[in-house]
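Visitor: Any chance you could fold what I've pasted below:
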Amino acid sequence: MSYLVLNGLSKRYGEMVAVDSLSLSVEQGEFISLLGPSGCGKTTTLQMIAGFIEPTSGGIMLAGRDLNRVPANKRGLGLVFQNYALFPHMTAAQNVAFGLEMQGMGRQERVRRVGEALEMVGLAHLADRHPARMSGGQQQRVALARALVIKPSMLLLDEPLSNLDAKLREEMQLELRAIQRTVGTTTVLVTHDQSEALALSDRIVVMNHGRVEQVADPYSAYEDPVSRFVGGFLGKANVFAVQAAQHEGQACARIGEAHVALDGRPVPIGQVIVRPEKIAFDQASASALPGKMRARVFQGNHWLCQVETSVGEVLVIRQNDGIPVPPEGSTVHLRWHAPDMRPVEAAREDGACR
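Guide: Predicted coordinates for the structure are as follows:
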């Protein structure tokens, strides 16, 4: 039996649907990310798990225990918020010890547990420092230690890294994942940051308008999105309309002037996604899509290019391998292979959640 089970979980505010019949099973020790744009229902889902919001309908089971009628302070969950919610008048050690004091734990055991928690997040040397004299990353670690020191049945993270700068956020992603693997606590993260979800998760739950669009491991969600929404939200994507065609006696997928050989694969129906990094600059041929380089941006390890074509703007990402990309204003020809085209369903437009 799964460790956490959400069964038909819904939350409505009058006519507005925040979460719509969400069902999800999470295994013990798994790291799950709820990913989606603002208003998609991910934070509402987390708050229902935490007990801060009462569901309109549906059930929440944790380790075989029905949480629907259990108050938030009795659920035994560890919480880390976007603003860390540290007590400014307390030292790091006092902040971490707060939950243990509320549990009535004796001083000797409390001091031992606090020391272990601060050591785990690399802050044992700052035990007596107040939050105001700490960096954002250090405060985040204190908040994480405070959540883990009570040995929670599950860890809930609500945009915990969003206040950090880009470099520190990447560093903290590595540390957070390493700590979670070491402790083994089942973790649910809410984020709108696609790279964060890809880096941290065992599985990603992509949400849109209060519904689950796709649940998959990061690689599968990125490489095989089930809808245009997932493909476009989880990284950059080019969306093309496809027509069946023949070229030199072979079945092809026609996109603009390009005839992409299918090599025995079925013709994709409707729309396909092609990731920008799958597209190469090539010589003129029947299988290449001609266009004009509108803009190119150097981003260190790669080039981001915008190419105007007969089927609209196409994004191309080329790794910086020392070979310059074509200059702006030049005529180019774009080529990709049949396995790089992923058929997708149209994005959902109904049931919008504000």
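Visitor: residues touching Asn68, list them.
Guide: Pro55, Gly59, Ile60 (C-beta atoms under 8 Å, 6 or more residues apart in numbering). From N, CA and C alone the C-beta is placed, and that goes for glycine too.
Visitor: how many neighbours does the residue nearest to Asn7 when sequence neighbours are not counted have?
Guide: Nearest non-adjacent residue to Asn7, counting by C-beta to C-beta, 6 or more residues apart in numbering: Gly59, 4.4 Å away. Applying other C-beta atoms under 10 Å, we find 14 residues neighbouring Gly59.
Visitor: gap between Gly59 and Ser2?
Guide: Using C-beta to C-beta, to the nearest Å, Gly59 is found at 13 Å from Ser2.
Visitor: Please, which helix or strand holds the residue nearest to Asn7?
Guide: strand 57-62 (DSSP states H and E).
Visitor: Report pLDDT for Gln173.
Guide: Per-residue confidence (pLDDT) for Gln173: 88.
Visitor: cool, His89 as well?
Guide: pLDDT, His89: 95.
Visitor: again with Gly351
Guide: Note on Gly351: pLDDT of 40.
Visitor: Likewise for Ala346?
Guide: As predicted, Ala346 sits at a pLDDT of 59.
Visitor: just checking, Gln138 touches Leu123?
Guide: Yes: between Gln138 and Leu123 there is a contact under C-beta atoms under 8 Å: 6.3 Å.
Visitor: These two: which has the busier surroundings?
Guide: Per other C-beta under 10 Å, whichever of Gln138 and Leu123 has more neighbours is Leu123, with 22 against 17.
Visitor: if I look at that one, how far off is Pro88?
Guide: With the distance defined as C-beta to C-beta, Leu123 ends up 17 Å from Pro88.
Visitor: Next: Ala132.
Guide: As for Ala132, its distance to Pro88 is 6 Å (criterion: C-beta to C-beta).
Visitor: And the helices in the chain?
Guide: 42-50, 92-102, 107-120, 136-148, 166-183, 194-200, 218-223, 228-233 (DSSP state H).
Visitor: re earlier: which strands and helices sit next to the strand holding Gly59?
Guide: Counting contacts by 3 or more C-beta pairs under 8 Å, 6 or more residues apart in numbering; DSSP states H and E, strand 57-62 is packed against strand 4-13.
Visitor: partners of the strand it packs on in the sheet?
Guide: Partner strands for strand 4-13, per DSSP bridges, with pairing direction: strand 16-26 (antiparallel), strand 57-62 (antiparallel).
Visitor: so of those strands, which one's packed in deepest?
Guide: Comparing these by mean neighbour count (mean count of other C-beta atoms under 10 Å), strand 16-26 ranks first with a mean of 19.
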